[in-house]
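In: Just a sequence and a predicted model for now, questions to come.
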Amino acid sequence: MMIMFNPSTGGGERDKEGQLKADKTINTILRAVDDEWFGEEVTGVHIRNLFSYRTPRPDVLINQYNQLLGAGSDEDEALVLLGLLTMDDKWKAIAKNCKYVIIGWGDCGDDHFQDQKN
């Protein structure tokens, strides 16, 4: 299971044959699985995002968050408006059946959202 920051634009474009194209991050994950980066065969990948807000630039999401705070939203309300997804029973059931649960989004979150990441 891979938990990432937010969806980019993956699935928004089509190739010449009309098939949906994955974005660079998804392709990297699939290559890692195919190349057995985990030292063994992996038979599937569950991908989840911390936020449902779609943008290829995480700084746009962070700017939206700051704007919501500046407009009077409290932190919890701003997070909900940006589509913060919580670790509900469905996520927990998926994670329980996964050998690896990997959380990663590099440094795009800076100091923001560390409580959600941790």
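Out: Yes, it's here.

In: beta partners of residue 103?
Out: Using DSSP bridges, the bridge partners assigned to residue 103 are residue 3.

In: Please report how far it lies from residue 14.
Out: Noted for residue 103: a distance of 30 Å to residue 14, by Cβ to Cβ, to the nearest Å. (C-beta placed from N, C-alpha, C; glycine too.)

In: which of these two has more neighbours?
Out: For residue 103 versus residue 14, neighbours defined as other Cβ atoms under 10 Å are more numerous around residue 103 (14 against 10).

In: my guess is that one contacts residue 3, does it?
Out: Yes: with contact defined as Cβ atoms under 8 Å, residue 103 reaches residue 3; the gap is 4.6 Å.

In: For stretch 66-81, measure first residue to last.
Out: End-to-end distance for stretch 66-81: 12 Å, by Cα to Cα, to the nearest Å.

In: quick one: average pLDDT of that stretch?
Out: Mean pLDDT, computed over stretch 66-81, is 91.

In: May I see the buried residues of it?
Out: Across stretch 66-81, burial judged by 16 or more other Cβ atoms under 10 Å covers 68, 73, 78, 79.

In: which stretch of helix or strand covers the closest residue to the third one other than its chain neighbours?
Out: Right, residue 78. The spatially closest residue to residue 78, leaving aside those adjacent along the chain, is residue 68, at 3.8 Å (Cβ to Cβ, 6 or more residues apart in numbering). For residue 68, the host element (DSSP states H and E) is helix 58-70.

In: What helices and strands are in contact with that helix?
Out: The contact analysis (3 or more Cβ pairs under 8 Å, 6 or more residues apart in numbering; DSSP states H and E) places helix 58-70 against helix 75-81.
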